[in-house]
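> Predicted model and sequence follow; I will ask about them next.
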Amino acid sequence: MIVLDTNILIDVLKYKIELDSLREFGEFIVLSTTKRELKNLSEKKSKDGMFAGLALQLIKNKKIKIAKTEGKTDASIVKYSKAHKCAVATNDRELIKTLKMNGIKIIRIRQRKFFVYE
């Protein structure tokens with residue numbers, strides 16, 4: 001299972017990377033805290049706001065499972081992925097540091113073209 005972070009959902013749209021190419025690593029899951037963060041971002045009149053709105057549509061269209069979580073987004077990602085032994089797809093540097101310290105596998109975008117599994 002792969003937990004999708006806010007920025008990975010925005011970046012696949014921004015860089016036109018096919019999200020389904022990530023499926024080789026497992027089934028997708030989005031945390032409710034991530035969805036809430038996307039919703040808040042989508043209300044802003046900016047490019048990231050537009051991409052956040054598209055990311056919400058992507059979640060709906062691909063019927064990605066939503067897991068109910070609470071608290072801050074990054075903390076809930078670490079807690080959930082640790083408890084369920086999931087990899088996390090993210091490009092967030094601070095989150096990556098925390099995930100590595102907790103021994104959690106990471107998937108990120110390289111060269112704005114493809115995913116790498118670490």
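That came through fine.
> From here on, just use CA atoms for contacts and neighbour counts.
OK.
> immediately after the top helix by length along the chain, which helix or strand?
Secondary structure of the chain per DSSP state H: the longest helix is helix 47-61. Note on helix 47-61: by DSSP states H and E, the next helix or strand toward the C-terminus is strand 65-67.
> what does that next one contact?
28-32 (C-alpha atoms under 8 Å, 6 or more residues apart in numbering).
> tell me the strands in the protein, going along the chain?
2-4, 28-31, 65-67, 87-89, 106-110, 114-117 (DSSP state E).
> any idea of the pLDDT on the closest residue to residue 99 other than its chain neighbours?
In space, and not counting its chain neighbours, residue 99 is closest to residue 78: 6.5 Å by C-alpha to C-alpha, 6 or more residues apart in numbering. On the pLDDT scale, residue 78 is placed at 97.
> Would you mind confirming that residue 78 is in contact with residue 100?
No. Contact criterion C-alpha atoms under 8 Å: residue 78 and residue 100 do not qualify, at 10.1 Å.
> The two: which has the busier surroundings?
Between residue 78 and residue 100, counted using other C-alpha atoms under 10 Å, the more crowded position is residue 78 (20 against 12).
> who's in contact with that one?
If you count contacts by C-alpha under 8 Å, 6+ apart, then residue 78 has 98-99, 102 around it.
> Tell me which of those residues fall in helices.
Applying DSSP H to those, the entries found in helices are 98-99.
> which of the contacts of residue 78 are buried?
With burial judged by 16 or more other C-alpha atoms under 10 Å, the buried subset of the contacts of residue 78 is residue 99.
> ok, residue 7 - how many residues close by?
Residue 7 has 20 neighbours, counted by other C-alpha under 10 Å.
> And residue 34, by the same measure?
There are 26 residues near residue 34, going by other C-alpha under 10 Å.
> Let me see the contact set for it.
5-6, 73.
> sorry, back to before: relative to residue 96, how far out is the residue nearest to residue 99?
If you measure residue 78 against residue 96 using C-alpha to C-alpha, to the nearest Å, the figure is 10 Å.
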